[in-house]
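Q: need coordinates for the below:
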Amino acid sequence: MKKGMVLIVLAMFFIPPVFSAIVTNTNQSVLFFRFPSRNASTDLDAVCYNPAGLVRLADGFHVAIHNQTIFQDKKVINYFLLLNDREYLGKTRVPVFPNFYAIYKKKALAISFGFGPIAGGGSADYSQGLPSFEVPISALPAMLTAAGLPTTKYLAEINFKGSSIYYGFQMNATYALSNVVSAAFGLRYVQAVNKYEGEIKNIQINPTFPALGWTGQMRSAPQAFSTLYLATGNPNFLYYASATADKGVEAKQVGSGLTPIVGLHIEPTEKLKIGFRYEFNTKLELENQPTRDDVGMFPAGKKERDDIPANFSVGTEYLLSPVFKLSFSYTLFLEKQANWDGKEKLLDGNSYDLALAFEYEVSRALSLSAGYIYTKTGAGQKYQSDLSFDLGSNTFGAGVRIKLSPKLDIDLGGVYVMYNDFTKKGIAAPSPLLPAYDETYKQSTYAFGLGFNFHL
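A: Reported below is the predicted structural model:
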């Protein structure tokens, strides 16, 4: 039981993804919503998705300012038989998720800059905490009853908030090697900040112990265990008095890293575009900066690895007619080759995305588009937990582009993500006397965005 109670004082951490593989955000423009196959893009967001394609823009300055508003719910359903409630809901709300791109193109050369949240990008609020925090507490009545102190109830106040934002600042140089082939080299600087805030407090139990006049009323667990220690001399009660005392965490982690990026773009005909991109692994060391750390899990100055994995992408766009185009994209995230202080070894494999999109030009002023993304996650039974889970998904997006003038067009788009439920089986209980249990993870996301594109 002691081993299980240690879970009460575990670090309260959770990094909420937005649209992503396990770490990397893939939603880097509103175009991603309305036309989600981006890997052969020659639009302004090619700064991120296909930098080698930027020389296909017209000569001059081009600027894109986009924002996304994202709503995501994460639900954990825990089947441990002693819990008061089974369902735990975490809400992520991202009202501002900005992307900015600027390109200067002259003949065979393009210089570009991009900015956006390359990972993280939101905050998760678990007002009831998570099962990892409550399961050991819920086992207290059974433990006390087995020790000869009949106990039937527990109460606790548990809450947790976590936020994560990894800003990426990217520069690219693109050069046309011929009328068919162009190449790009880029470098992204990543600034990461994670914040954690949570409490486990006011743990109560209702033991019956006639020698002390206890008849089943709810009482403070730390005080009850201290009294039992004084009455019996059993050192286990002194341990539980400490373990059930109020605990809290307020800490942040900061770090930075560099990502080299290379790309190749090929247009063998006027109708066909092919884009390739490889982003190298981003080495990130996050340093703890605690304000409050009652659990001792964020030692000041300690660093941990939280790399952004390398990824490889390839995409095609094909004009089926002058007004109708079709696109396909594939992106592989090399997560097992990243360094997450050993957690990457728990993965079953690497994640990947498959995307399909089409666009129809209704008129010179209006284009309609839609698309689909299939995401296969590399996370399995060993990796998944209520603190950090990643689910395969099916994403549907649609939107429009409105061309107000030759110098300004607007992108509008929305997206809905259907995630596959995952059930982790046979989780060990806090005590060997209690049965193992299962836990199910659910998630839903919808978002919309607005983008302005200027051609100067």
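Q: contacts only, for Phe389.
A: Residues near Phe389 by CB atoms under 8 Å, 6 or more residues apart in numbering: 74, 379, 383, 422, 441. Bear in mind the C-beta positions are built from the backbone N, C-alpha and C, glycine included.
Q: try it again at 7 Å.
A: Counting by CB atoms under 7 Å, 6 or more residues apart in numbering, Phe389 makes contact with 379, 422, 441.
Q: measure Trp420 to Gln384 for me?
A: I think there's a mix-up here, since residue 420 is Asn and not Trp. Distance, Asn420 to Gln384, using CB to CB, to the nearest Å: 12 Å.
Q: so, low pLDDT: which residues of this protein?
A: 1-21, 121-123 (pLDDT under 70).
Q: just to revisit the earlier point, neighbour-wise, which of the contacts of Phe389 leads?
A: Ala379 (23 neighbours; other CB atoms under 10 Å).
Q: quick check: phi and psi on that one?
A: Dihedral pair for Ala379: phi -80, psi 140, per degrees, to the nearest 10.
Q: circling back to that earlier point, okay, the contacts of Phe389 in TSV with distance to Phe237 next?
A: Below are these laid out as TSV (distance: CB to CB, whole Å):
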residue	distance to Phe237
Ala379	40
Phe422	39
Tyr441	36
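Q: and for Leu187, the neighbour number?
A: Using other CB under 10 Å, Leu187 has 14 other residues around it.
Q: longest strand of this structure?
A: Identified as the longest strand of the chain according to DSSP state E is strand 181-205.
Q: show me what that one is packed against.
A: helix 140-146, strand 154-176, strand 219-220, helix 221-232, strand 247-266 (3 or more CB pairs under 7 Å, 6 or more residues apart in numbering; DSSP states H and E).
Q: and the last one, what's buried?
A: When burial is assessed from 16 or more other CB atoms under 10 Å, strand 247-266 yields the following buried residues: 247-253, 255-257, 259, 261-266.
Q: pull the residues that contact the helix or strand following it.
A: Going down the chain from strand 247-266, the next helix or strand is strand 272-279, by DSSP states H and E. Outside strand 272-279, the residues that touch it by CB under 7 Å, 6+ apart are 39-40, 42, 49-50, 52-53, 259, 261-267, 310-318.
Q: distance from strand 272-279 to the middle of the chain?
A: Here strand 272-279 is found 25 Å from its chain centre; the criterion is CA atoms, centre = their mean, to the nearest Å.
Q: begin at 180, not 1, for the rest of this chat.
A: Renumbered: residue one is now 180, and that last one reads strand 451-458.
Q: got the buried residues for it?
A: Residues 452-458 are the ones in strand 451-458 that count as buried (16+ other CB under 10 Å).
Q: quick one: which of those is nearest to Pro310?
A: Set against Pro310, the nearest of the buried residues of strand 451-458 by CB to CB is Glu458 (35.1 Å).
Q: how close does that closest one sit to Gly365?
A: 9 Å.
Q: ok so, going back, could the helices and strands packed on strand 360-384 go into CSV alongside distance to Asn632?
A: CSV is the format used below for the helices and strands packed on strand 360-384 (distance: least, CB to CB, whole Å):
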stretch, distance to Asn632
helix 319-325, 59
strand 333-355, 18
strand 398-399, 60
helix 400-411, 59
strand 426-445, 20
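Q: quick one: which of those is nearest Tyr553?
A: Closest among these, once you apply CB to CB, is strand 426-445, at 23.5 Å.
Q: now Gly347, nearest residue through space, not along the chain?
A: Nearest residue to Gly347 in three dimensions, chain neighbours excluded: Ile297, at 3.5 Å (CB to CB, 6 or more residues apart in numbering).
Q: helix or strand: which one has the one you found?
A: strand 288-305.
Q: counting by contacts, list what the helix or strand just after that strand packs against.
A: Per DSSP H and E, the first helix or strand lying C-terminal to strand 288-305 is helix 310-317. Other helices and strands packing on helix 310-317, by 3+ CB pairs under 7 Å, 6+ apart, are strand 333-355.
Q: got the angle for the strand it packs on vs strand 288-305?
A: Interaxial angle, strand 333-355 versus strand 288-305 (axes from the mean of the first three to the mean of the last three CA atoms, to 10 degrees): 170 degrees.
Q: ok, back up a step: nearest to Glu538 among the buried residues of strand 451-458?
A: Proximity of those to Glu538, judged by CB to CB, is greatest for Lys452, which lies at 13.0 Å.
Q: show me what the closest one bridges to in the sheet.
A: Assessed by DSSP bridges, Lys452 has beta-bridge partners Glu496.
Q: gap between it and Ala577?
A: Distance, Lys452 to Ala577, using CB to CB: 22 Å.
Q: again, but for Tyr509
A: Using CB to CB, Tyr509 is found at 21 Å from Ala577.
Q: Ser421 in helix, strand or coil?
A: Of the three states, Ser421 takes helix under DSSP: H, G, I helix; E, B strand; the rest coil.
Q: now do the contacts for the closest residue to Gly442 other than its chain neighbours.
A: Spatial nearest neighbour of Gly442, excluding adjacent residues (CB to CB, 6+ apart): Ala231 at 3.6 Å. Residues in contact with Ala231 (CB under 7 Å, 6+ apart) are 353, 361-363, 442-444, 454.
Q: if you set the cut-off to 10 Å instead, what comes out?
A: The neighbourhood of Ala231, defined by CB atoms under 10 Å, 6 or more residues apart in numbering, consists of 219, 221, 225, 289, 351, 353-356, 360-365, 440-445, 454-456.
Q: and the strand holding Ile297, what does it pack against?
A: helix 225-228, strand 239-257, strand 266-285, strand 333-355, strand 360-384 (3 or more CB pairs under 10 Å, 6 or more residues apart in numbering; DSSP states H and E).
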